[in-house]
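J.: Based on what follows, work out the 3D shape:
(2 chains)
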Amino acid sequence: MINIPEDISPWLAIPVALLLICGSLITLVGTLGLLRLPHFYQRIHGPAISITFGAGSFLLASMLYFTVLQQRLVIHELLITAFVMLTAPVTAMLLMRTAVYRDLRNGRQSPDLKPATPLASGHATTAGANRPGLMEEQSDSNPE
Amino acid sequence: MTHRLMTHRLIARWLPSPLLSLALLVLWLMLNQTLEPAHLLLGSALAIAAPLLAAPLQPFKARIGKPAAILRLFSWALLEIIRSCFNVSRIILFSNANKLNSQFIKVPLDLNDPTGLAVLSCLINCTPGTVWVEILQDTHELSLHVFDLHDENWWIDTIKQRYESPLIAIFAREAS
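T.: The predicted model follows:
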């Protein structure tokens, strides 16, 4: 187990504490966004800051703390960063597409699709036209 | 000469994707936090075996080049992620949510490489305030949701210049 030392040098404690506080605040703001924003398409942006900046601060603090404390380079947190950066976007994309698909299927323009603007309605019609292929264009765009 | 040819064949046979193998080895060593010879050996075995076992799946092979472009792309993306983080936080904390201009925008894309598109989608979704929706098949346009849209052309220019053009350079295929 890791022994927590009695006294940590302030040169280590201060930056680590700052990073942890910064990460916690950002995570809190991300959660607030989830709570406060009115529409799904806006709420999806809230947790993104927790994932990037919040998690980044925590991992940086962890790397700094254990590198100094154990007198060796501790960087396996970078793996967590890499995996989060690979998986979180996929989740966001799937959620987004599910929401768009659901709204199209129900023939409903969600409030912030702003049906008056040509952009949003244009998007809706084009995506609706090839609805069965909604999940497939990645493979179809293969240039081979 | 035949000796060199044989070496080439041997490498092609056992290390079909050297970069992937190297990444796996580094992953293994980082997971175990060690540089011991035993782990080096085990990691190398893993790095050789995993791509060979995955070969029947016929993964799409990407060609990666231009380290300078990679560095440019990721340093810009990192700056952009940090900047967007503060923007989104500011909006969540201090703005009236009803005045937000959340919009879908369309960005015409020239990038065709599937790996390049995958990297682009990761970077765009990692950046707070933008979420990738889909690529419209008939026009090859990227549909994107922006949290608070001020200037559509700024987004289009940024994505095309800062993200797309380095990606095209990185994943460029030889004319062969």
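
J.: ok, which stretches of chain B are strands?
T.: Read by DSSP state E, chain B holds these strands, from start to end of the chain: B:103-108, B:130-136, B:141-146.

J.: As a markdown table, these with mean neighbour count and distance to B:Ala172 would be great.
T.: Backbone N, C-alpha and C define where each C-beta goes, glycine included. Converted to a markdown table, the strands of chain B look like this (neighbours: other Cβ atoms under 10 Å in any protein chain shown; distance: least, Cβ to Cβ, whole Å):
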| stretch | mean neighbour count | distance to B:Ala172 |
| --- | --- | --- |
| strand B:103-108 | 19 | 19 |
| strand B:130-136 | 22 | 20 |
| strand B:141-146 | 22 | 20 |
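
J.: how far away is A:Ala17 from chain B?
T.: Relative to chain B, A:Ala17 is positioned 20 Å away (criterion: Cβ to the nearest Cβ, to the nearest Å).

J.: Give the helix, strand or coil label for that residue.
T.: Look at A:Ala17: counting by DSSP: H, G, I helix; E, B strand; the rest coil, its state is helix.

J.: Tell me, how many residues neighbour it?
T.: Each residue near A:Ala17 was counted by other Cβ atoms under 10 Å in any protein chain shown, and the total is 14.

J.: what sits against it?
T.: By Cβ atoms under 8 Å, 6 or more residues apart in numbering or on different chains, the contact list for A:Ala17 is empty.

J.: Please tell me how far it sits from A:Ser9.
T.: Note on A:Ala17: its distance to A:Ser9, by Cβ to Cβ, to the nearest Å, is 12 Å.

J.: my guess is B:Val146 meets B:Ile105, correct?
T.: Yes. Between B:Val146 and B:Ile105 there is a contact at 5.8 Å, judged by Cβ atoms under 8 Å.

J.: How about stretch B:65-77 and chain A, any contact?
T.: No. Contact of stretch B:65-77 with chain A (Cβ under 8 Å from any Cβ of the partner chain) is absent, the minimum separation being 9.9 Å.

J.: Quick test: name the residue nearest the centre of chain B.
T.: For chain B, the residue sitting closest to the mean C-alpha position, by Cα atoms, centre = their mean, is B:Val119 at 2.5 Å.

J.: what do you get for chain A?
T.: A:Ala48 (3.0 Å).

J.: Tell me the confidence at the residue of chain A found nearest chain B?
T.: Closest approach between chain A and chain B, counting by Cβ to the nearest Cβ: A:Pro89, at 3.2 Å. Residue-level confidence at A:Pro89 comes out at 90, pLDDT.
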